[in-house]
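Student: pasting the structure only:
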Ligand SMILES: O=C(O)[C@H]1O[C@H](OP(=O)(O)OP(=O)(O)OC[C@H]2O[C@@H](n3ccc(=O)[nH]c3=O)[C@H](O)[C@@H]2O)[C@H](O)[C@@H](O)[C@@H]1O
């Protein structure tokens, strides 16, 4: 080590503490070396910071969640073997059966509806983009489950008009069950673009193809209880106002209802919107509270339980998946044909909207108590104020219209439904991924 270096080693890091008895010359040189070393050090630090900033900046790092990039993903479709699979999956195998294109088929509700249609002999073709909003491996497991029942899921995006056109060329679908969407109330603040991309642009893209299809299919699609937003009149009825959405998610679903009106009015498409109320059950969505509460209770992690102003209760009209499936099938079976052809309306067509709820709101804290009993583990509850992120304090469905017109009649209470969910959850995550179903 050089003499100079050893001098430098003696320099304290804090300025002003240098020993003053050294000669002025040495003092001057040391100060000079010290400044040089510091200058070099800070230059490197500065360069480093710029590089880190550059590589981490969102504009230079295409995140998989970027919705505009989702549509740029290329999917493999087409070819004789692919068309054969499409035709075979969509083939009707029962008398008076229907042929249904199910969008979002690898999603929670999509999987259950596809399986139920297939069971009764209808033709079913799935479509899903397998995006990574939540663990795509769960979507792959649902796909495998459907495959075993004879349902083929085409990989693709509803914004891909060429793909949709091709599907209608290969199969004359009588119905579309449109469940592909960007779901989740709170995530809308993180990634607003994905809601516009899927729930508005994607819906319009699908309707454009449907209006030009010959014959035009009848469409049943998923709206949401969240369209009631800040409505305080209980129970929520289809006649109540829905012009005060509390989240962008709700606003895009409400926009969907208006868009449905337009396509019905101009092109004669038969359209039925279903306002689902907090659907839960086996194969559910990991971003929903009942699902991640279960995971976190088992892990011993604390769970945030929201409460409204003045310690008010937050409650949901939780609705079990099997009841929702019956509602969806009821809506498909009572759909009238679209009236247009070749993109032209020939007469008035059906336009409907229904609540599909359970009519029994349950406080979130009661949901947690049920989970504690089923899991035999006490939850670490962290009660906190309902964040201002789009959540509403309560939902409560009036279902008399769906009861009358769709024969909809929910039969599963939260305790029984969660029991089935917990059984599935424990089986699925203990390695029985294939068998769970
Ligand atoms: O009914 C609907 O239309 C909507 O239902 C759910 O939305 P949400 O009811 O907010 O369902 P969760 O996110 O599972 O929340 C359930 C309840 O737990 C509460 N919660 C949520 C998260 C949390 O950390 N803590 C907590 O107490 C929420 O405030 C809410 O009352 C779905 O996520 C939406 O996609 C769907 O459209």
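Tutor: Yes, it's here. All figures in this text were calculated on a predicted structure; none of them were measured in a lab.

Student: residue 140 and residue 132 touch, don't they?
Tutor: No. The pair formed by residue 140 and residue 132 falls short of the contact definition of Cβ atoms under 8 Å, at 11.5 Å. The C-beta positions use only the backbone N, C-alpha and C, and glycine is treated the same way.

Student: what's the neighbour count on residue 205?
Tutor: When neighbours are counted by other Cβ atoms under 10 Å, residue 205 registers 19.

Student: from the ligand, how far off is residue 260?
Tutor: From residue 260 across to the ligand, the span is 16 Å (Cβ to the nearest ligand atom, to the nearest Å).

Student: scratch that, residue 310 is what I was asking about
Tutor: From residue 310 to the ligand the distance is 16 Å (Cβ to the nearest ligand atom).

Student: quick one: secondary structure of that residue?
Tutor: helix (DSSP: H, G, I helix; E, B strand; the rest coil).

Student: residues near it, how many?
Tutor: Residue 310 has 5 nearby residues by other Cβ under 10 Å.

Student: in space, not sequence, find me the middle residue of the chain.
Tutor: For the chain, the residue nearest the mean C-alpha position is residue 183 (3.0 Å; Cα atoms, centre = their mean).

Student: looking at this, that residue is in a strand?
Tutor: No. Per three-state DSSP, residue 183 lies outside any strand segment and is coil.

Student: wait, it sits on residue 285?
Tutor: Yes. Using Cβ under 8 Å, residue 183 is in contact with residue 285, at 6.7 Å.

Student: shared neighbours, those two?
Tutor: residue 107 (Cβ atoms under 8 Å, 6 or more residues apart in numbering).

Student: interface residues of the chain facing the ligand?
Tutor: Near the ligand, the residues belonging to the chain are 183-185, 224-226, 276-278, 288-289, 304-306, 314, 316, 364, 391 when assessed by Cβ under 6 Å from any ligand atom.

Student: now do the buried residues in whatever helix or strand residue 373 lives in.
Tutor: Here residue 373 is covered by helix 364-375, with elements defined by DSSP states H and E. For helix 364-375, the neighbour count (16 or more other Cβ atoms under 10 Å) marks 364, 365, 367, 368, 370, 371, 374, 375 as buried.

Student: could you list every helix and strand in contact with it?
Tutor: Counting contacts by 3 or more Cβ pairs under 8 Å, 6 or more residues apart in numbering; DSSP states H and E, helix 364-375 packs against helix 289-299, strand 302-307, strand 315-316, strand 380-385, helix 414-429.

Student: which of the ones you listed sits most buried?
Tutor: The highest mean neighbour count among the helices and strands packed on helix 364-375, using mean count of other Cβ atoms under 10 Å, belongs to strand 315-316: a mean of 22.

Student: roughly how far is that strand from the heart of the chain?
Tutor: 19 Å (Cα atoms, centre = their mean, to the nearest Å).

Student: packing partners for that strand?
Tutor: Applying 3+ Cβ pairs under 8 Å, 6+ apart, one finds that strand 315-316 makes contact with strand 362-363, helix 364-375.

Student: can I get the ones you listed in TSV including mean pLDDT and distance to residue 156?
Tutor: Formatted as TSV, the helices and strands packed on strand 315-316 follow (pLDDT from 0 to 100; distance: least, Cβ to Cβ, whole Å):
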stretch	mean pLDDT	distance to residue 156
strand 362-363	98	38
helix 364-375	98	36
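
Student: which stretches of the protein have low pLDDT?
Tutor: When residues are selected by pLDDT under 70, those of the chain lie in 1-72, 432-437.

Student: let's go with 80 and repeat that
Tutor: 1-74, 342, 431-437 (pLDDT under 80).

Student: that one: strands as residue ranges?
Tutor: 99-103, 123-128, 152-155, 175-178, 218-224, 271-276, 279-280, 302-307, 315-316, 319-320, 351-356, 362-363, 380-385 (DSSP state E).

Student: to residue 429, which of those lies closest?
Tutor: The minimum distance between residue 429 and the strands of the chain falls on strand 279-280, with 16.4 Å, by Cβ to Cβ.

Student: just checking: what are the partner strands of the closest one?
Tutor: Strands adjacent to strand 279-280 in the sheet, as given by DSSP bridges, are strand 319-320 (parallel).

Student: what's in contact with the partner strand?
Tutor: Contacts of strand 319-320 (Cβ under 8 Å, 6+ apart): 276-281, 356-358, 397, 410, 412, 414, 416-417, 420.

Student: could you work out the most separated pair of these?
Tutor: By the measure Cβ to Cβ, 397 and 420 form the most distant pair in these, at 20.8 Å.

Student: and the residue of the stretch 301-437 of the chain nearest the ligand?
Tutor: residue 306 (3.6 Å; Cβ to the nearest ligand atom).

Student: how close does the closest residue to that residue other than its chain neighbours get to residue 164?
Tutor: Excluding the flanking residues, the one nearest residue 306 by Cβ to Cβ, 6 or more residues apart in numbering is residue 386, at 4.3 Å. From residue 386 across to residue 164, the span is 39 Å (Cβ to Cβ, to the nearest Å).

Student: could you check which of the two has the larger neighbour count?
Tutor: residue 164 (24 against 16).

Student: that one contacts residue 206, doesn't it?
Tutor: Yes. The pair residue 164 / residue 206 is scored as a contact, 6.5 Å apart, by Cβ under 8 Å.

Student: give the residues shared as contacts by those two.
Tutor: Common neighbours of residue 164 and residue 206 (Cβ under 8 Å, 6+ apart) are residue 158.

Student: thinking again about what came up before, now for the residue of the stretch 301-437 of the chain closest to the ligand: which residues touch it?
Tutor: 314, 364, 384, 385, 386, 387, 391.

Student: and which of those is nearest residue 179?
Tutor: Each of the contacts of residue 306 was scored against residue 179 by Cβ to Cβ, and residue 391 proved nearest at 22.5 Å.
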